[in-house]
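Trainee: make a model of this:
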Amino acid sequence: MNSSDQCYIKLFHGRRTPDERLGDWGAEGPVIGPVGLTWTYGRLKIHAPGWTGFEFLPERDGLIAYGGMFYGDCEIIHAGDPLLRQLRRERREFHDYRKFAARLGEAGRPARAATSRRRATQPAPGRNLGTAWAAIPHYGLGRVPDSLPDKSPVLYRRIIAKRAILAGYEDDGQPGPCIADLLSDLRHLCDGLGLDFAGLDRGAYRHYAHEKSGQRL
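Mentor: Predicted coordinates:
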C-alpha cells in the first residue's frame, strides 16, 4: 500500500448499546490508521501496511461496532490532511491496524460477549483467517444463488455454516468465537427440545469424516 493511498478512520457519535438514546452527540471514538480502504458488497474493507489480508469494518444495526462501543458515524481522513495534525494536538486516541485487528469482536455481539465464552481462536499456522473466511461466498437468508458449487460439496457446506453464523450473530469479524457460541447455543436448544446433543454430535462427526475423506476444493 503506497503512502499516498493511506487514510484514517475517525469514529464518532458513539454509544454503549445500539438502542441507547443519545441526549447529545455521543462519545468520540478513536482514529484508526493508517489503512487502505475498499468497498465490497456494501461492506468497508480495511487493508494495512504489511498486511496481506483484510478485515471488514464491523457493523451491527446500522452502527459501527468497535472496542465495546457503537458509532453512528465515521469520517475518512487522508493521510496528508491537516486535520490529522489537529487531532494529534488534541491528544485524540489513535489506534494502528494491529490494535484495530486485536479489538475486532469486542463489540457487535450480544451482551454475553463480555463473558469467558468469547475467546478468540487462532487460525491454522500459515493461514490468514480473514482471507480464508472471506473466500467462502455469503448468501443472505432467503437468497438462493443461481449456481451452487456442486463440484465442491464441502465448500457448499461451508457456505451453509457461514450463512447460519452471520444470521445468528451478525458478526463478520471473528468466526472462531461465533462458532463456539453456536455450539453452546445448540446445546441449549437440544436441552429445550429434549434431544441428546452428544449423540447427535457423534453422528455428525461420522458424517463429517466421511465427507472430508472425499472432499474436493
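
Trainee: only C-alpha atoms for contact and neighbour calcs from this point on.
Mentor: OK.

Trainee: start to end distance for stretch 162-177?
Mentor: Distance across stretch 162-177, first residue to last, is 13 Å (CA to CA, to the nearest Å).

Trainee: now stretch 207-217: mean pLDDT?
Mentor: The average of the pLDDT scores along stretch 207-217 is 70.

Trainee: just stretch 189-197 next, same as before
Mentor: On average, stretch 189-197 scores 89.

Trainee: stretch 95-102 too?
Mentor: 66.

Trainee: please, where are all the helices along this structure?
Mentor: For the chain, the helices defined by DSSP state H occupy 82-89, 97-103, 129-134, 153-169, 175-193, 197-213.

Trainee: pull the contacting residues for residue 37.
Mentor: With contact set as CA atoms under 8 Å, 6 or more residues apart in numbering, residue 37 has these partners: 7, 44, 45, 46, 47.

Trainee: now do residue 14
Mentor: 25, 26, 27, 28, 29, 69, 70, 71, 72.

Trainee: most remote residue from the middle of this protein, which is it?
Mentor: residue 194 (32.7 Å; CA atoms, centre = their mean).

Trainee: residues near residue 162, how many?
Mentor: Counted by other CA atoms under 10 Å, the residues lying close to residue 162 total 21.

Trainee: okay, and the beta partners of residue 7?
Mentor: residue 35, residue 78 (DSSP bridges).

Trainee: against residue 188, how distant is it?
Mentor: 44 Å.

Trainee: got it, and residue 168?
Mentor: The spacing between residue 168 and residue 188, counted by CA to CA, is 14 Å.

Trainee: do the same with residue 76
Mentor: 43 Å.

Trainee: what number of residues lie near residue 88?
Mentor: Neighbourhood size, residue 88 [other CA under 10 Å]: 12.

Trainee: phi, psi of residue 20?
Mentor: Dihedral pair for residue 20: phi -70, psi 130, per degrees, to the nearest 10.
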